[in-house]
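Peer 1: I'd like to go over a predicted model; first the sequence, then the structure.
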Amino acid sequence: MSEAKEKKGLALHWQILIGIGLGVVAGILLCKITPYENWSVYIKWVGDIFLRALQMIVIPLVFTSIALGVAGMGDSASLGRIAGKTILYYIVTTAIAATIGLTLVNLVKPGVGANLNLAEKATSVSTGEISFIDQIVSIVPSNIFESMAKGDLLPIIFFAVVFGFFMNKVAEQHTNTLKELFTAVYEVIMKITMFIIRLAPIGVFAIVANTVGQQAGNPQALLSMAGSLGVFVLVVWGGLLLQGGVVLPLLVRVLGKQNPWRHIAKMSTALLTAFSTCSSGAALPINIRDSQEKCGISNKIASFVLPLGSTINMNGTALYECVTAIFIAQAYGIDLTLAQQVMIVFTALLAAIGTAGIPMAGMVMLTIVLTAVGLPLEGIGLVLAVEQFCDMPRTCINTYGDSCGAVIIAHSEGEHLTI
Ligand code: ASP
């Protein structure tokens, strides 16, 4: 869909914002009239269909766009260069985010004196373990169809890169056949993406109404916000605002030589989708489309940097993990040494890399950070009540970080952007 076509009516991001606003109002009103369970059945399915439709296109989109993008790079030198820059950018920005979280939570100390009786039982939380070697090994799929069926993006990306690379190594006629086939599939998927995106305001309305209804039907979450949990949420939002409102825009300005505010405006549909769905995986198709159509980033860069980012680059999640681990330590009166704090930053980075782009995944990965420094896992029960308030903004920053990476890398490759 061209921008001009979108402009005929109310721009899509406004429609989505209205969807979010109406969703909040509907969630509260419906909860006042009748219990959440009674009405949620009629609304929840709409949001579920929207989310599932977005997930439906992720794998074919990622596979065809990466294979095409890598084949388009031509030589292994440019693939290596772009991959190297992308990974460096992701590691550095995630480390900055984690450090911001660490600094803020140490300054504000929201956990000191927190009421531990408020902790919800975190029964479903099991200990996770992270092994760097295992993470690397699991990137290579033993069965690509199994990875596709499970929706494991990293092995799919790996296979797509290898496939795209070797697409150029066969007889020219085969290379051309494959390129034509993949281009055709990619274009069909993009058309489907556009169709689904047009339904975003309705999908987002249903998701938000349902989420707000769930919270409104469970006033404990809102009540607990009055105390130290409220300060905790503010620290998370403050850190995310610093990362998303200062650090990343500065990088877009200095390294990407683009106007960061115009960039945010162009990416607003993807950012609002991430915010309201709590899934950077769901926002990925929109991110890929708008990066190309609105920002002028080539398919070669967008299709490589963004899918990779949606799985390994989680600025918001890393920041959240740091803040939460230290909040829990503060609440339990555990003093952490500097070495332990550095360990938290490091494991938060690894945990963020391993986090899937789905709702609440970051909270599950928190067990890894807590285990690494010996903090009580029950601490997760403390922050469970406010998970929704933290997942929304951190997912938005996760998606924004990927988009900034695409801008910066495209600029560094000499692309002419239209931001
Ligand atoms: N919901 C986040 C995302 O999709 C992951 C997380 O839970 O931190 O990016």
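Peer 2: Cool, got the structure. Numbering: from 1, shown residues only.

Peer 1: Ala372 contacts Thr347, doesn't it?
Peer 2: Yes: the criterion here is C-beta atoms under 8 Å, and Ala372 meets it with Thr347 at 4.2 Å. Backbone N, C-alpha and C define where each C-beta goes, glycine included.

Peer 1: show me which helix runs longest in the protein.
Peer 2: helix 36-73 (DSSP state H).

Peer 1: out of Ala372 and Thr347, which sits in the more crowded spot?
Peer 2: Thr347 (24 against 19; other C-beta atoms under 10 Å).

Peer 1: show me what the one helix or strand the more buried one maps to is packed against.
Peer 2: Assigned by DSSP states H and E, Thr347 belongs to helix 338-354. Applying 3 or more C-beta pairs under 8 Å, 6 or more residues apart in numbering; DSSP states H and E, one finds that helix 338-354 contacts helix 76-108, helix 132-137, helix 315-331, helix 361-372.

Peer 1: tell me which of the ones you listed is the most buried.
Peer 2: Most buried of the helices and strands packed on helix 338-354, by mean neighbour count (mean count of other C-beta atoms under 10 Å): helix 315-331, with a mean of 30.

Peer 1: state the mean pLDDT of stretch 80-91.
Peer 2: The average pLDDT for stretch 80-91 rounds to 91.

Peer 1: meant to ask about stretch 236-255
Peer 2: Across stretch 236-255, the average pLDDT comes to 97.

Peer 1: what about that stretch, start to end distance?
Peer 2: 26 Å (C-alpha to C-alpha, to the nearest Å).

Peer 1: mind checking how far Pro35 is from the ligand?
Peer 2: 27 Å (C-beta to the nearest ligand atom, to the nearest Å).

Peer 1: rewinding a little: what's the angle from the longest helix of the chain to helix 76-108?
Peer 2: Using axes from the mean of the first three to the mean of the last three C-alpha atoms, to 10 degrees, the direction of helix 36-73 lies 140 degrees away from that of helix 76-108.

Peer 1: I'd like the numbering to begin with 6 instead of 1 from here.
Peer 2: In the new numbering, first residue 6, that becomes helix 41-78.

Peer 1: distance from the chain centre to helix 41-78, please.
Peer 2: From the chain centre to the centre of helix 41-78 is a distance of 14 Å (C-alpha atoms, centre = their mean, to the nearest Å).

Peer 1: report the separation between the residue in the stretch 156-305 of the chain positioned nearest to the ligand and Thr342.
Peer 2: Residue nearest to the ligand within the stretch 156-305 of the chain: Ser285 (3.4 Å; C-beta to the nearest ligand atom). Using C-beta to C-beta, to the nearest Å, Ser285 is found at 33 Å from Thr342.
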